[in-house]
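A.B. asks: Generate coordinates for the sequence data below:
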Amino acid sequence: MAATPQNPAATTPRRKVSRHRGEGQWAAGHHTPLNGNEQFKKDDDGLNVRTRIETIYSKRGFDSIDPNDLRGRMRWWGLYTQRKPGIDGGKTAILEPEELDDKYFMLRVRIDGGRLTTQQLRVIGEISQEFARGSADITDRQNIQLHWIRIEDVPEIWNRLEAVGLSTTEACGDCPRVVIGSPVAGIAEDEIIDGTWAIDEIHERYIGSKEFSNLPRKFKTAISGSPLLDVVHEINDVAFVGVEHPEHGPGFDVWVGGGLSTNPKLGVRLGAWVPLEEVPDVWAGVIGIFRDWGYRRLRTRARLKFLVADWGAEKFRQVLEDDYLKRKLVDGPAPAEPTGRWRDHVGVHRQKDGRYYVGFAPRVGRVDGATLTKIAEVAEAHGSGRLRTTVEQKMIVLDVEEAQVEPLVEALEALDLTAKPSPFRRGTMACTGIEYCKLAIVETKQRGSSLIDELERRIPEFDEPLTININGCPNACARIQVADIGLKGQLVLNDKGEQVEGYQVHLGGALGLEAGFGRKVRGLKVTSDELPDYVERVLKRFQEEREEGERFAAWASRASEEALS
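C.D. replies: Residues are numbered from 1 along each chain as shown. Modelled structure (predicted):
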């Protein structure tokens, strides 16, 4: 039958009608799991896996572990399978999970606010030596990670940690991760407000509770009352930053929606001032929005930053106030420009009680169990019972009497833990890398350590603040986009046309009130072997071309591509 204007269906193909399932937002009524991760979380809460670990898996061994527990729910208790040795980076994205899995685990010890007693640190060191082949890394979220953990040993490790007030509860997984805090909270002379109470209250009320144990993805929190802005607040899901309100006094400015990985976004201010006693309630409101309105359909869009980007700060604040807090928040000021050239608390600093704290720099966060126990012994020998970890993979000894400062510094130096590091030792971070991580493509820790040595030898006179962040894959655990020099691991071609380990280079990233992501020079990639030559070349050009007082990030943003190549 010929098509006519009266019969348009004859020429219009029939379209298949499908039901739109939305973004998997619970608040919109979309409760049907839309991917495997959402399904296993619906089948059983991640927190429930502890019982199976204690009663079944630790007794029957690795091969008895259910796959959804092994690669899913066990993360809620700080356990990831580590990478099987000998698998090169070219196979990372090709092999199936079971081909990458070793029969050993990474175990993350949760350290909220970075706060440790010497007794706790000693126990971690002893666990490392007895159960983890001596491994230990300080992370850039104030935790300590161990490797080579056998499932058979996990219950005993938990018993020892919990006996001294530590745990691995929700150290990983789609849940509220460790709450990072200023490592000098409560002791710094220039502190605006001490956020310690809020960190403790959040932990007491919500960590390990099923109220927030099934989120669309991980949820990261930062709380600091330091004028140094020392907790990278711009790249957390929620952050509370110390400010002085002209009418109400000290409190916190609220930020939401920050995060890096392959789609980086900086957090935004809600423009709200919150007093200390209201921080836990506001925190619960923000994470409640994430639980209810977060995108669960695609894992790649499941972080809070995507919802905030779509809603905007104004709508987010309105929903928070109207639907979760049931009251309006007080408008407040933005934080002042951060003080100081560094924000890592390395060196010797006076506390408000007249004593001192001493910050020191391990190499790219890599320590070992024996060193951790020695740090505890050294701290105690010089009058301290308290330590802190930092978001820069560093550590601080608190409460040191003036007469003990130099002896402590010398004792730390003897452990290769300097309180007077070069800018390269002070400013270089590295993620876990291919040594243990199943997502990694290249090696990072040893590369970072050798780069420090090379730069100290080649440019000994360099004395400017500088961050060099090395990541083994695109996921940015080491914050490559916001470093002066960010190095994203990937396979590249060398001058012989061979595929080798190397890095894509990001230049001029920064955090602070002028936060921004580093620029990528077209086609600029360096092999691992070329890395010291490249960094030396760029830093010498910076020294030659910089204006008076100009920081590296500012220079890199205006420099020619030739100068950065």
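A.B. asks: residues making contact with stretch 325-338?
C.D. replies: The contact list for stretch 325-338 (Cβ atoms under 8 Å, 6 or more residues apart in numbering) reads 227-229, 241-246, 248, 251, 253-254, 269-274, 281-282, 285, 317, 320-321, 512-513. Every residue, glycine included, has its C-beta placed from N, CA and C.
A.B. asks: any idea of the mean pLDDT for it?
C.D. replies: What stretch 325-338 shows for mean pLDDT is 96.
A.B. asks: Just the CA trace of that stretch, in CSV.
C.D. replies: What follows is stretch 325-338, C-alpha atoms only, in CSV (Å, rounded to 0.1, in the frame of the first residue of the first chain):
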residue,chain,number,x,y,z
LEU,A,325,17.5,19.1,58.7
LYS,A,326,14.0,20.6,58.8
ARG,A,327,15.4,24.1,59.5
LYS,A,328,17.4,26.8,57.8
LEU,A,329,21.2,27.1,58.1
VAL,A,330,23.0,30.3,59.0
ASP,A,331,24.7,32.1,56.1
GLY,A,332,28.4,32.3,56.7
PRO,A,333,31.8,33.5,55.3
ALA,A,334,34.3,31.6,53.1
PRO,A,335,37.6,30.5,54.7
ALA,A,336,40.4,33.0,54.6
GLU,A,337,43.4,32.5,52.4
PRO,A,338,45.6,29.8,53.9
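A.B. asks: quick one: the strands in the stretch 1-150 of the chain?
C.D. replies: 79-83, 101-109, 115-117, 135-138, 144-149 (DSSP state E, counting those that start in this stretch).
A.B. asks: Equivalent analysis for the stretch 401-550 of the chain, please.
C.D. replies: Using DSSP E, counting those that start in this stretch, strands in the stretch 401-550 of the chain cover 428-430, 468-471, 485-493, 499-507, 519-527.
A.B. asks: Tell me which of these lies nearest to E547.
C.D. replies: E547 sits nearest to strand 499-507 of all the strands of the stretch 401-550 of the chain, at 17.1 Å, using Cβ to Cβ.
A.B. asks: now the closest one and strand 519-527, what's the angle there?
C.D. replies: Angle between the axes of strand 499-507 and strand 519-527 is 150 degrees (criterion: axes from the mean of the first three to the mean of the last three Cα atoms, to 10 degrees).
A.B. asks: Report the buried residues of strand 499-507.
C.D. replies: For strand 499-507, a neighbour-count test (16 or more other Cβ atoms under 10 Å) marks E501, G502, Y503, Q504, V505, H506, L507 as buried.
A.B. asks: What of stretch 201-214?
C.D. replies: Neighbour-count burial for stretch 201-214 flags E201, I202, H203, Y206, I207, G208, F212, S213, N214 (criterion: 16+ other Cβ under 10 Å).
A.B. asks: would you put the C-alpha positions of that stretch in PDB?
C.D. replies: C-alpha atoms of stretch 201-214 as PDB (Å, rounded to 0.1, in the frame of the first residue of the first chain):
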ATOM      1  CA  GLU A 201      30.500  12.000  67.400                       C
ATOM      2  CA  ILE A 202      30.200  11.100  63.800                       C
ATOM      3  CA  HIS A 203      32.200   7.900  64.400                       C
ATOM      4  CA  GLU A 204      30.100   7.000  67.500                       C
ATOM      5  CA  ARG A 205      26.700   7.600  65.900                       C
ATOM      6  CA  TYR A 206      27.200   6.400  62.400                       C
ATOM      7  CA  ILE A 207      30.300   4.300  61.700                       C
ATOM      8  CA  GLY A 208      29.300   0.600  61.600                       C
ATOM      9  CA  SER A 209      25.600   1.500  61.500                       C
ATOM     10  CA  LYS A 210      23.400   0.200  58.800                       C
ATOM     11  CA  GLU A 211      21.800   3.600  58.400                       C
ATOM     12  CA  PHE A 212      24.500   4.600  55.900                       C
ATOM     13  CA  SER A 213      26.200   1.300  55.100                       C
ATOM     14  CA  ASN A 214      24.700   1.000  51.600                       C
END
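A.B. asks: Could you give the separation of it from the chain centroid?
C.D. replies: Relative to its parent chain, stretch 201-214 has a centroid offset of 19 Å by Cα atoms, centre = their mean, to the nearest Å.
A.B. asks: any low-confidence regions in this protein?
C.D. replies: The chain contains residues with pLDDT under 70 at 1-21, 513.
A.B. asks: buried subset of the contacts of stretch 325-338?
C.D. replies: For these, a neighbour count by 16+ other Cβ under 10 Å gives the buried set as 227-229, 241-245, 251, 253-254, 269-274, 281-282, 285, 317, 320-321, 512.
A.B. asks: count of neighbours near V308?
C.D. replies: Using other Cβ atoms under 10 Å, V308 has 25 other residues around it.
A.B. asks: how far away is it from A302?
C.D. replies: Look at V308 and A302: by Cβ to Cβ, to the nearest Å, they are 13 Å apart.
A.B. asks: now swap in S135 and tell me
C.D. replies: From S135 over to A302 (counting by Cβ to Cβ), the distance is 31 Å.
A.B. asks: Ok, K220 next?
C.D. replies: The spacing between K220 and A302, counted by Cβ to Cβ, is 13 Å.
A.B. asks: thinking again about what came up before, which of the contacts of stretch 325-338 fall within strands?
C.D. replies: 241-245, 251, 253-254, 269-274 (DSSP state E).
A.B. asks: Now for these: which two are most distant?
C.D. replies: Farthest apart among the ones in strands among the contacts of stretch 325-338 by Cβ to Cβ are E244 and L270. That separation is 17.6 Å.
A.B. asks: Looking at the strands of the stretch 401-550 of the chain, spot the one closest to K91.
C.D. replies: With Cβ to Cβ as the criterion, K91 lies closest to strand 485-493 of the strands of the stretch 401-550 of the chain, at 10.6 Å.
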